[in-house]
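In: from the sequence below, what's the structure:
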Amino acid sequence: MGQPRSSEEAGDFIIGRHPVEAALKSNQSINKLFIQSGLKSDVLSGIEQMAKKKGIITQLVPKSKLDLLSDQQNHQGVIVAVAAFEYATIDDLFKSAADKDEPPFFLILDNVEDPHNLGSIMRTADAAGVHGIIIPKRRAVGLTSTVAKTSTGAIEYMPVARVTNLVNTVNELKKAGLWVFGTDMDGQDYREWDAKGPTALVIGNEGKGISPLLKKACDGMLTIPMIGHVQSLNASVAASLLIYQGFTSRGK
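Out: Now for the predicted structure:
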């Protein structure tokens, strides 16, 4: 077992060169930058200069220290300690769409538990112009350092709202004019899906899919045809296919 973190180091960490660069370029509140001592790199030098310009405390530490802070993840010689990631509100998501003068395109994640899946989904959502992600407060992964690393910086730009009840939220979105689509084995071929108007897409849990009550609240269901021996896809892979169909149909 490693040594416990001190109080100044407790909290969230962003790990790896690209995620750290994205954090430094954003408005994320950064407490301290840790760089591996004795590691020569133009990228690390650039990161250190960015931090100095922003007045961020920088500390050179041995690799063992970074291994401890990152829980043995591949930190690439750099970590930043940040304030807890802030969640958006549903109103913030609508504002994100309005600022771009686009009909809303939201993603709803029904109890996605794997932080790597959430990070990958955020990365795709950011690339495809999704205006925000909605997750439940319970029985689902939140915004963690692992999510931040996997998202390779998308966590800095993709608003994420946490809600108490997804079914109630879906009903409110429908009242606001959104069409809500879920995923199921029996549904419309996703390649025929048109997401031009105000739209929300629901992605289910890695093992159980979408909960029955939430499925019942959806306006329609989409399916991804499969002709191989394996009849299921990783949640982040399925989400990517569906998000990009939405992106394509919206004429981006």
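In: who's in contact with the longest helix along the chain?
Out: Criterion DSSP state H: the longest helix present in the chain is helix 235-249. Contacts with helix 235-249, where a contact means Cβ atoms under 8 Å, 6 or more residues apart in numbering, come from 105, 107, 112, 114, 116-117, 120-121, 124-125, 128-130, 183, 190-191, 193-196, 199, 201, 203-206, 222, 224, 233. To be clear about C-beta, it is placed using only N, CA and C from the backbone, and glycine gets the same treatment.
In: switch the cut-off to 7 Å
Out: 105, 112, 117, 120-121, 124-125, 128-130, 183, 190-191, 193-196, 199, 201, 203, 206, 222, 224 (Cβ atoms under 7 Å, 6 or more residues apart in numbering).
In: which PyMOL command selects the buried ones in those?
Out: The PyMOL command for the buried members of the contacts of helix 235-249 (criterion: 16 or more other Cβ atoms under 10 Å) is given here:
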select buried, resi 105+112+117+120+121+124+125+128+130+183+190+193+195+199+201+203+206+222+224
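In: re earlier: off-centre distance for the longest helix of the chain?
Out: 14 Å (Cα atoms, centre = their mean, to the nearest Å).
In: among the contacts of helix 235-249, name the ones in helices.
Out: Among the contacts of helix 235-249, DSSP H puts 117, 120, 121, 124, 125 in helices.
In: who's in contact with the fourth one?
Out: Shown here is residue 124, whose contacts under the criterion Cβ under 7 Å, 6+ apart are 239, 240, 243.
In: what's the longest strand in the protein?
Out: In the chain, with assignment by DSSP state E, the single longest strand is strand 179-189.
In: between helix 235-249 and it, find me the angle.
Out: 100 degrees (axes from the mean of the first three to the mean of the last three Cα atoms, to 10 degrees).
In: if I look at residue 66, how far off is residue 18?
Out: Per Cβ to Cβ, to the nearest Å, residue 66 is found 16 Å from residue 18.
In: residue 237 too?
Out: 21 Å.
In: swap in residue 169?
Out: Taking Cβ to Cβ, one finds residue 169 at 32 Å from residue 18.
In: more crowded one of those two?
Out: Neighbours per residue, other Cβ atoms under 10 Å: of residue 169 and residue 18, the larger number sits with residue 169, 21 against 14.
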